[in-house]
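K.L.:
predicted model follows, preceded by the sequence.
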Amino acid sequence: MQVKILHRWDLTPKEAIQVQVQLRRQVKTTGAVLIPSAVAGADVAYDKRSDSMYVAVVVLSFPDLKPVETVTLRDRVSFPYVPGLLSFREAPALLRAFEQLEHEPDVIFVDGQGMAHPRGLGIACHIGLLLEKPVIGCAKSPLFGSYVEPKPSRSSFSYLHDKAGRVIGAAVRTKDRVRPVFVSVGHNIDLEQAIRFTLACGKGYRVPEPTRQADLLAERAKRMQWQDELPVR
């Protein structure tokens, strides 16, 4: 996959915020995605004993959600942990993993926020702009906005609103009586489709299968510490 170059990555937190403010105007919250043949999930695991992080991208066929391709690499953390600036910490390594894919997915799930972000540009939006693909942010907890608890049955959802009352995402129940996940548009897709694809990519777990598999692979790489096999950037 090709990655667009829109800015430098060696930025201070203040400069990173300015980039987010500039890029958020380019995010597309519309786009009819036809039935995909492949979906991807991306996630990162951190090694607390070092400055290493382990990045995984998984491509699954759709709708049967069977593995098609995986890419795993190890990278060094070069940006501090700052709430709201996750993409500047994780996106460079994730994009390198996407560049290695031979099978290009039609829809990408990212374990993080899309537009449900204080500046409207979470990591899912950032990656969507740089890959020019439909991207869905699917986070385990909310970062920004308010919502009412959806009904306890699977497929129930309630909208997530910002302080002005605008819809910026949704709390989606992916399993009966289990905490919802928080879905928001990353790029080139509308929220209703993002919700539908999140539910369609479930296999009985709280987290959609693309990001669940990416999480498992990243954690496995961290445990194995493939220092001889995974390239370090």
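P.N.:
Thanks, I have it. Remember, predicted model here, so these are calculated numbers, not experimental data.
K.L.:
pLDDT weak spots in the chain?
P.N.:
226-233 (pLDDT under 70).
K.L.:
which residues in it form helices?
P.N.:
Counting by DSSP state H, one finds helices in the chain at the ranges 13-23, 86-99, 123-131, 191-200, 209-224.
K.L.:
residues touching the second one, excluding its own?
P.N.:
I take that to be helix 86-99. With contact meaning Cβ atoms under 8 Å, 6 or more residues apart in numbering, helix 86-99 is reached by 1-3, 9, 11, 13, 16, 40, 42, 44, 53, 55-57, 71-73, 75, 77-82, 110, 112-113, 121-123, 126-127, 130-131, 233. Where C-beta positions appear, they are placed from N, C-alpha and C, glycine not excepted.
K.L.:
need the buried ones from the residues you listed selected in PyMOL.
P.N.:
In PyMOL, this line selects whichever of those come out buried by 16 or more other Cβ atoms under 10 Å:
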select buried, resi 1+3+16+40+42+44+53+55+56+57+71+72+73+75+77+79+110+112+113+121+122+123+126+127+130+131
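K.L.:
show me the contacts of helix 86-99 that map onto strands.
P.N.:
Under the assignment DSSP state E, these contribute 40, 42, 44, 53, 55-57, 71-73, 75, 110 to strands.
K.L.:
relative to residue 200, which of those residues is nearest.
P.N.:
residue 40 (14.3 Å; Cβ to Cβ).
K.L.:
that closest one pairs with what?
P.N.:
residue 59, residue 108 (DSSP bridges).
K.L.:
so it versus residue 80, what's the distance?
P.N.:
Distance of residue 40 to residue 80, given as Cβ to Cβ, to the nearest Å: 28 Å.
K.L.:
neighbours of residue 143, just the number please.
P.N.:
Using other Cβ atoms under 10 Å, residue 143 is surrounded by 19 other residues.
K.L.:
what sits against the nearest residue in space to it that is not next to it in sequence?
P.N.:
Nearest non-adjacent residue to residue 143, counting by Cβ to Cβ, 6 or more residues apart in numbering: residue 113, 5.1 Å away. Going by Cβ under 8 Å, 6+ apart, residue 113 touches 86, 122-124, 137, 139, 143-144, 169, 182, 184.
K.L.:
what separates residue 32 from residue 104, distance-wise?
P.N.:
From residue 32 over to residue 104 (counting by Cβ to Cβ), the distance is 19 Å.
K.L.:
scratch that, residue 84 is what I was asking about
P.N.:
As for residue 84, its distance to residue 104 is 30 Å (criterion: Cβ to Cβ).
K.L.:
equivalent analysis for residue 111, please.
P.N.:
To residue 104, residue 111 is 20 Å away according to Cβ to Cβ.
K.L.:
who has more neighbours, the two?
P.N.:
Under the criterion of other Cβ under 10 Å, the comparison of residue 111 against residue 104 puts residue 111 first, with 25 against 16.
K.L.:
hmm, residue 196 and residue 172 touching each other?
P.N.:
No - Residue 172 lies out of contact with residue 196 (Cβ atoms under 8 Å); the separation is 9.8 Å.
K.L.:
which one's more surrounded, these two?
P.N.:
Ranked by neighbour count (other Cβ under 10 Å), residue 172 and residue 196 place residue 172 first, with 24 against 15.
K.L.:
show me what contacts that one?
P.N.:
Residues counted as contacts of residue 172 (Cβ under 8 Å, 6+ apart) are 150, 155-157, 180-183, 195, 198-199.
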